[in-house]
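> Below: sequence and its predicted model.
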Amino acid sequence: MAEPAGYSVKTYRYLRMAMVAMVVLLGAALVIEWSKTNPRCLQTSISAYYYTPVQAIFVGALIAIGVCMVVLKGNSEREDILLNVAGILAPVVALVPTPGQGACRSVPVTVGDTAANIANNLLALFVVGVPCLVVTAVFVLRARWSRADRNPMYLLGFAVALALFGGGVAWFFADRDGFTGNAHYAAAVVMFVCIVAVVLLNAQQFRRKQRPAGASNRYFVLAVAMTVVPLLMVAWKALFGWEHAVLWIEGVLISLFAIFWILQTQELWNEGLRANRPVNDAALPDQDGVRRRAVT
């Protein structure tokens, strides 16, 4: 039986809106916690709010966002790989807390044994990751063997995910102390780099889509802001010192990414994906009867 028209696009919309909701949820939890402290009392990073009453929402929101980024299909294979990498790393950022607990919280929080939490939660993450990689390998190899899709980018994407997962597992078991102390920072930096790269790719794709040529490119503006503003903040910290530089850099990048996601959702509300996709993507009739690409 043929899939009802528009169901794939509707699912895509809901996943996109869920990601925005998770960002708003995290922001609301941070503001509520801040409102219960001295106005000048701020943790040195968003990640340090793990050690405050925000902890549950911080962990849950990041895991949910990570799952959405992995599940959602990018507009191109390169964008898809970047979203997958960022999505794989988001749970690591959530489950491996920053070592610095900070001193600014509304109430004392009992964190428990952080090393034991990391050992349990990351091992569970690895247990889930193995069958996910196996299923992905089956899909990729089956497509190549059946000649349904031999795009080498799919193999590259799988290789990147496998290398990332394998490297994380090796680091976890070979150097537990190093993993506990540094995995959060390594995962967070790579995750944010991938997010900025996604916005840059969309700026390039949107420029090709625009008519007339030379019209304003909203994604380019966001990409410039996501690159320049953090660099200016880093420079300010280096020159004058700034205890909360990381907090504001993270806040700016997350806020700009949320704006990007809202704008992209609005642009692709009826399409799901941009029209400049591989020709082997299936087509579905939308509710208005126009043939559109399927969301896969």
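Looks like it arrived, so ask away.

> Run a quick check on residue 99 versus residue 179, I expect a contact.
No: between residue 99 and residue 179 there is no contact under C-beta atoms under 8 Å: 11.6 Å. Any C-beta I mention is one placed from the backbone N, CA and C, and that applies to glycine too.

> Same question for residue 104, what's its three-state structure.
At residue 104, secondary structure determined by DSSP: H, G, I helix; E, B strand; the rest coil is coil.

> in which helix or strand would I find the residue lying closest to residue 90 once chain neighbours are set aside?
In this structure, residue 90 finds its nearest non-sequential neighbour in residue 66, 3.0 Å apart by C-beta to C-beta, 6 or more residues apart in numbering. Assigning secondary structure by DSSP states H and E places residue 66 in helix 55-71.

> Could you list every helix and strand in contact with the longest helix along the chain?
Among all segments of the chain classified by DSSP state H, the helix with the greatest residue count is helix 176-209. In this structure, helix 176-209 packs against helix 77-95, helix 114-145, helix 152-174, helix 218-240, helix 245-267, with contacts taken as 3 or more C-beta pairs under 8 Å, 6 or more residues apart in numbering; DSSP states H and E.

> For the first one, what is the distance to the chain centroid?
With C-alpha atoms, centre = their mean, to the nearest Å as the basis, the distance from the averaged C-alpha position of helix 77-95 to the chain average is 5 Å.

> Now do that helix, average pLDDT.
Average pLDDT, helix 77-95: 94.

> just to revisit the earlier point, nearest to residue 105, out of the helices and strands packed on helix 176-209?
Closest to residue 105 of the helices and strands packed on helix 176-209, according to C-beta to C-beta: helix 245-267, at 13.9 Å.

> if we can go back for a sec, just the helices and strands packed on helix 176-209: most buried one?
Most buried of these, by mean neighbour count (mean count of other C-beta atoms under 10 Å): helix 77-95, with a mean of 23.

> surely residue 64 meets residue 26?
No: counting by C-beta under 8 Å, residue 26 is not a contact partner of residue 64; they are 9.8 Å apart.

> More neighbours: which of the two?
In terms of neighbours (other C-beta atoms under 10 Å), residue 26 is the more surrounded of residue 64 and residue 26; the figures are 22 against 19.

> name the helices or strands packed onto the strand or helix carrying the more buried one?
Take DSSP H and E as the rule and residue 26 turns out to sit in helix 7-35. Counting contacts by 3+ C-beta pairs under 8 Å, 6+ apart, helix 7-35 packs against helix 55-71, helix 245-267.

> related to what we said a few turns ago, the longest helix of the chain to helix 77-95, inter-axis angle?
150 degrees (axes from the mean of the first three to the mean of the last three C-alpha atoms, to 10 degrees).
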